[in-house]
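Participant: Sequence plus predicted model, see below.
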Amino acid sequence: LAASISLDDGVVNVGGAYSYGGLRLPVRISAGRSLAHRSGWRIDGVSQPYDAETLSTTLSVGLPTRRSPDSSLSMSLDLDADRYRIVVGPDATPDPGALVPRPPTSNYLQTGVALRASWSNVRGYAQVLGPTEGREASASLRYDDPALGARFRNLALNWSARAYWKLWGETPVLTARYAG
């Protein structure tokens, strides 16, 4: 369970997850709510700010993986659902001489399936803060389709790679991350 509070306006974002590993295939459910200040609501050709809320939930099933003392490989099959809606918009009082206002695409549900995988040989040691050496890579492929309840058809591929190099002494570590 986690929460974050914006010190500027007191907005609270929350998230939580529960997993159970007693079955042959571990299962996990997670949910979250975030409120963000965005821009893109076009009024007379000028982008105006608005507040948007995202409600997200994921049901995940872990697939058989490989673990060894040197590295680990994990995979999961997920069912994702995200609800997007506008909470507070700009003043929409029309000006007869202005262009027609264009609100951003919102107030819709996006659902899809995802396949996620990760590999890691990162090591950390007692009395040392964080990882100190090794590499890790992860990738996810998500497909949203109206047949699954989504409003739009979408295919998203995300990936990242991270490396840690121990420098001199006990604690200095150089970290590099590349993502797309």
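Facilitator: Great, that's in hand. Numbering: from 1, shown residues only.
Participant: C-alpha only now, for contacts and for neighbours.
Facilitator: Noted.
Participant: Centroid-nearest residue for the protein?
Facilitator: Centroid-nearest residue in the chain: residue 56, 9.2 Å away (criterion: Cα atoms, centre = their mean).
Participant: contact partners of the longest strand along the chain?
Facilitator: In the chain, with assignment by DSSP state E, the single longest strand is strand 46-67. Contacts made with strand 46-67 from outside it, assessed by Cα atoms under 8 Å, 6 or more residues apart in numbering, are listed as 25-42, 72-90.
Participant: Quick check: bridge partners of the residue nearest to the centre of the chain?
Facilitator: Taking DSSP bridges, one obtains residue 32, residue 82 as the residues bridged to residue 56.
Participant: Distance of the residue lying closest to residue 157 once chain neighbours are set aside relative to residue 148?
Facilitator: With Cα to Cα, 6 or more residues apart in numbering as the measure, residue 141 is the residue that lies nearest to residue 157, at 4.6 Å, once sequence neighbours are left out. Counting by Cα to Cα, to the nearest Å, the gap between residue 141 and residue 148 amounts to 16 Å.
Participant: I'd say the residue nearest to residue 157 and residue 80 touch.
Facilitator: No. Counting by Cα atoms under 8 Å, residue 141 stays clear of residue 80, with 11.8 Å between them.
Participant: residues shared between the contacts of those two?
Facilitator: Overlap between the neighbourhoods of residue 141 and residue 80 consists of residue 114, taking contacts as Cα under 8 Å, 6+ apart.
Participant: of those two, who's got more company?
Facilitator: In this comparison of residue 141 against residue 80, neighbours counted by other Cα atoms under 10 Å, the higher total goes to residue 80 at 21 against 15.
Participant: mind listing what's buried in whichever strand or helix holds the residue nearest to residue 157?
Facilitator: Using DSSP states H and E, residue 141 sits in strand 134-144. Residues 134-140, 142-144 are the ones in strand 134-144 that count as buried (16 or more other Cα atoms under 10 Å).
Participant: separation between residue 157 and residue 169?
Facilitator: For residue 157, the distance to residue 169 (Cα to Cα) stands at 39 Å.
Participant: Pretty sure residue 76 sits against residue 116.
Facilitator: Yes. Residue 76 is within contact range of residue 116, at 5.3 Å (criterion: Cα under 8 Å).
Participant: does the residue nearest to residue 157 have beta-bridge partners, and which?
Facilitator: According to DSSP bridges, residue 115, residue 157 are recorded as the beta-bridge partners of residue 141.
Participant: hang on, residue 165 in a helix?
Facilitator: No. According to DSSP: H, G, I helix; E, B strand; the rest coil, residue 165 belongs to no helix; its state is strand.
Participant: what's around it, how many residues?
Facilitator: Burial measure for residue 165: 15 neighbouring residues, criterion other Cα under 10 Å.
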